[in-house]
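Peer 1: A structural model of the following input is requested.
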Amino acid sequence: MTPLPLGQTALIVVDVQKAFDELEAAGKRRNNPDAVARISELLAAFRAKGAAVIHIRHASRRPTSRFAADQPGHAVKDEAREQAGEPVIIKQVNSSFIGTNLERRLRDKNIEHLVIVGATTNHCVETTARMAGNLGFDAKLVRDATWTFDLAGIDGEPIPAERVHTMTLANLQGEFAEIVTASEVINGLR
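Peer 2: Residues are numbered from 1 along each chain as shown. Model (predicted):
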């Protein structure tokens with residue numbers, strides 16, 4: 001991985017919300033149990049170096065959703081809570097760019113490199129990474145700082161979260177984003 005210039009790099013923390021804890025408590029199985037710890041490490045590294053951090057939160061339009069703004073699941077997980085001066089952008093669809101001012105914020109600050117983490121790999125993280133690449137940003141998706149859940153295939157066959165995660169990363173690699181690890185990012189901040 002090439003070095004990341006501090007003044008032109010932002011950490012984008014996508015949907016690290018308590019609703020995912022609720023899904024796990026309800027029996028949904030996920031991969032990458034250490035993802036939030038990696039996100040916490042990345043937050044600490046970006047903050048220590050004075051690099052930009054932007055938090056994204058999903059606010060579902062469905063009133064019964066765990067992610068609805070008035071539901072407990074909408075709250076951010078403690079390990080990823082924003083600090084003073086770190087913007088929080090609320091989105092209502094999968095992409096962090098649609099219906100938000102994220103692109104304008106990044107362009108105004110001359111940010112060219114995006115380090116993307118959060119949940120879930122194959123939904124909001126993937127959509128955000130695809131759009132970042134399409135918009136011309138140098139997107140880095142941190143494979144050990146994102147996670148997903150088991151899925152049922154179109155014919156009902158079980159698809160383990162690990163397979164969903166790996167396939168999503170393979171789809172993004174090269175064309176939309178560079179797939180990296182948290183340690184590579186931390187070592188690459190210059």
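Peer 1: got the buried residues for the longest helix along the chain?
Peer 2: For the chain, the helix that runs over the most residues, judged by DSSP state H, is helix 35-49. Residues of helix 35-49 classed as buried: 35-36, 38-43, 45-46 (neighbour count, 16 or more other Cβ atoms under 10 Å). From N, CA and C alone the C-beta is placed, and that goes for glycine too.
Peer 1: ditto for stretch 139-151
Peer 2: 139-149.
Peer 1: beta partners for L189?
Peer 2: Legend: beta-bridge partners of L189 under DSSP bridges are L4.
Peer 1: quick one, phi/psi of A84?
Peer 2: Phi and psi for A84, reported as degrees, to the nearest 10, are phi -50, psi 130.
Peer 1: any idea how far V53 is from it?
Peer 2: Going from A84 to V53 by Cβ to Cβ, to the nearest Å gives 11 Å.
Peer 1: Can you pick out the residue with more neighbours from the two?
Peer 2: For A84 and V53, the more surrounded residue by other Cβ atoms under 10 Å is V53, and the numbers stand at 19 against 4.
Peer 1: so that one sits right up against V13, yeah?
Peer 2: Yes - in this structure, V53 is within contact of V13 by Cβ atoms under 8 Å, at 6.8 Å.
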